[in-house]
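Novice: One predicted model, sequence on top.
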Amino acid sequence: MHIPATLEQARSTLAIMLGVAATEGQPTDADKECIAAATHYIFHLEEQFGLAGLTPLSPYRLSTLAADPDIARQAASFAAVMALMDGTLNPAKLSAVVKLAGALEVHDDFVEDLARLALGDMDEAKAHMVHANLESVTGRAWATAEMEPWLQSYDAQPDPALATRFHALERLPENTFGYAFAEFYRDNSYAYPGEPGALNIEVAVPHDSVHVLAGYDTSPRGELLTSTLTATMHRSHAMSGHVLPVILSWHLGIPLNDVAGAAHGALDPHEFFYAWARGEDTVTDVFGPDWNFWWSAIQPIDVVREIVGLPGPE
């Protein structure tokens, strides 16, 4: 769902981003690119409406922005991305975002994560993000001890019938979504749900469906963009469960746990905000209860992309 913004709301959001970037000095080229990308992909404004003439927000302008909860949440989210754009955990920038979120009356759980990061409480922040991700995908809360056995349930209890159903996708016509899904698994040497080593079907199928439909690979860049698109398509725990974890993992090089991967520098601002906008433009949530993977699998992939509202990569 795209969040409509007036020119004044857009300019105020961009001013907030610039203010975070300038917390301890002059904005970098990457900061400026981030503002330019949000200007273009999110607010659909010409470049001259971006950096030029932006000024710090007065308390009145902040209160005006806070009057629209969706706009306020988006502004706080973009401020959080800006705080991490340089690829480091800067306590001053993170604290500035937390303070700003308070002024905007945004109390989402990602703000608490930013506060934890600002205070150096890395383990608590990462643990919450992992929980938020799984709660977002499954729609229910989890105890820590339950998570790994459920995610890797086929290691202890394989489901050959389920795996056979996935293998059958390989025999579908090449223009179908199901064939493309099977090809994605084959190219990445993934085990199908039902087979030992595979992730639970509730997580694997929607996540990998986004990969296939959006055209994002499994590189750090591709994983970051897939989760960003998911955040604005699915909305549940968007920042804490999807955006912040992948920025930490694939841009700051901070793994979420002992077995997770990590990399530096995967956040390209133009690709990031384009993925954000693509997620907003979707009309069917592939993580939602109305998404029927098996019906979609036998349809032409172009038809499925049209149903979801997710055109293929440019």
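Specialist: Alright, I've got the coordinates.

Novice: three-state assignment of L65?
Specialist: What DSSP: H, G, I helix; E, B strand; the rest coil gives for L65 is helix.

Novice: So for the residue nearest to it when sequence neighbours are not counted, what's the pLDDT?
Specialist: In space, L65 comes closest to S12 once its chain neighbours are excluded; the distance is 5.1 Å by Cβ to Cβ, 6 or more residues apart in numbering. Quick note: C-beta positions are derived from backbone N, CA and C, even for glycine. pLDDT, S12: 93.

Novice: How about F49?
Specialist: pLDDT, F49: 63.

Novice: going forward, begin numbering at 40 instead of 1
Specialist: With 40 as the first residue, the last one maps to F88.

Novice: Run through who's touching stretch 205-215.
Specialist: In this structure, residues lying in contact with stretch 205-215 by Cβ atoms under 8 Å, 6 or more residues apart in numbering are 217-218, 220-221, 224-225, 231-233, 336-341.

Novice: try 7 Å
Specialist: G217, Y218, F220, A221, Y231, P232, G233, A336, I337, Q338, P339, I340 (Cβ atoms under 7 Å, 6 or more residues apart in numbering).

Novice: For the last one, which residues are in contact?
Specialist: Shown in contact with I340 (Cβ under 7 Å, 6+ apart): N214, T215, F216, A219.

Novice: most surrounded residue in the residues you listed?
Specialist: Among these, F216 has the most neighbours (other Cβ atoms under 10 Å), with 26 neighbours.

Novice: Can you report phi and psi for that residue?
Specialist: Main-chain torsions, F216, degrees, to the nearest 10: phi -60, psi -40.

Novice: what's the spacing between it and D256?
Specialist: Separation of F216 from D256 (Cβ to Cβ, to the nearest Å) stands at 17 Å.

Novice: How about V244?
Specialist: From V244 over to D256 (counting by Cβ to Cβ), the distance is 18 Å.

Novice: now P108
Specialist: Distance from P108 to D256, by Cβ to Cβ: 35 Å.
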